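Visitor: from the sequence below, what's the structure:
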Amino acid sequence: MGLQHTKPRFPHWNYFIALEEDLERASRYVELVDANEATYSLEFAHLLFAAASEVEIVMVSLCGLFNQQSRASKFAHCVAPLRKQFPDMWKERVFVPRTGLVLQPWAEWNRAKNNTPIWWQSYNHVKHSRHTTFEEATMKNAVNALAALYLFALDLGRFVRQGDVVRMLDSKNLMSQTIAPRARLFEVGI
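Guide: Model (predicted):
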């Protein structure tokens, strides 16, 4: 008998969980508190790169979910449609209860139509000019990129397409508790 494969139900969630575990290990050396937000390291660069790249992938998936004719293939293409789909995303907060850290990874979306999150800008700076901008691979940027992934991975898990209709399965708070495994560091806030 051969191996039988099933498609993972939430592959983006599973990847988020793996990155969150990496962040949890890093937090043994750099506490996730405001006082350490400017601390930069190779590990935070790794987390920033991985989380920001996955955010882009999840954003493209969300664009395709809500518009089957979407040709969105990168972050810049998805900003306008997702801002329209999630007009209050900029308000959403993610908590790290263990340390009291409060994050608003999409806060810049409220300020101007073309503003991108600071963590996304830093991701691109470090990716393209690491030799001059490596100090932007900070704890703050890495954690915000991971928090952004957390929110959009939850969104991708709570909507389902049935024919031409997209419907919401349940509330984001309920979804964050029912997707397994649960996030260990992050919680959704309002």
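Visitor: in the helix or strand encompassing Ala76, which residues are buried?
Guide: For Ala76, the element it lies in under DSSP states H and E is helix 75-85. Buried positions in helix 75-85, judged by neighbour count with 16 or more other CB atoms under 10 Å: 75, 77-79, 81-83, 85. C-betas here are computed from N, CA, C, even on glycine.
Visitor: remind me which residues of the protein are low pLDDT?
Guide: Applying pLDDT under 70 to the chain picks out residues 1-9, 111-114, 160-180, 190.
Visitor: where exactly do the strands run in it?
Guide: 93-96, 101-103, 159-162, 165-168, 187-189 (DSSP state E).
Visitor: list the contacts of the closest residue in space to Asp155 that isn't next to it in sequence.
Guide: With CB to CB, 6 or more residues apart in numbering as the criterion, Asp155 has its nearest non-adjacent residue at 6.3 Å, and that residue is Leu62. With contact set as CB atoms under 8 Å, 6 or more residues apart in numbering, Leu62 has these partners: 78, 82, 85, 152, 155-156, 159.
Visitor: any idea how far the spatially most central residue of the chain is from Val60?
Guide: Central residue of the chain (CA atoms, centre = their mean): Leu149, 1.1 Å from the mean position. Leu149 is 13 Å from Val60, where distance means CB to CB, to the nearest Å.
Visitor: next one: Phe152
Guide: Note on Phe152: its distance to Val60, by CB to CB, is 10 Å.
Visitor: compare the two (neighbour count), which wins?
Guide: Per other CB atoms under 10 Å, whichever of Phe152 and Val60 has more neighbours is Phe152, with 26 against 19.
Visitor: wait, the more buried one touches Met59, no?
Guide: Yes. Phe152 lies in contact with Met59 (CB atoms under 8 Å); the separation is 6.3 Å.
Visitor: and the gap between Lys84 and Leu151?
Guide: Taken as CB to CB, the span from Lys84 to Leu151 is 16 Å.
Visitor: for Gln85, give me its contacts.
Guide: 62, 66 are the contacts of Gln85 under CB under 8 Å, 6+ apart.
Visitor: separation between the nearest residue to Thr133 once chain neighbours are set aside and Tyr40?
Guide: Leaving aside its chain neighbours, Thr133 sits nearest to His125 (4.1 Å; criterion: CB to CB, 6+ apart). To Tyr40, His125 is 12 Å away according to CB to CB.
Visitor: go on, Ile118?
Guide: Applying CB to CB to Ile118 and Tyr40 gives a distance of 14 Å.
Visitor: more neighbours, these two?
Guide: Taking neighbours as other CB under 10 Å, Ile118 and Tyr40 compare with Tyr40 leading, 21 against 16.
Visitor: report the contact partners of that one.
Guide: Contacts of Tyr40 (CB under 8 Å, 6+ apart): 134-139.
Visitor: any idea what it is bridged to?
Guide: Thr138 (DSSP bridges).
Visitor: nothing else from me, thank you.
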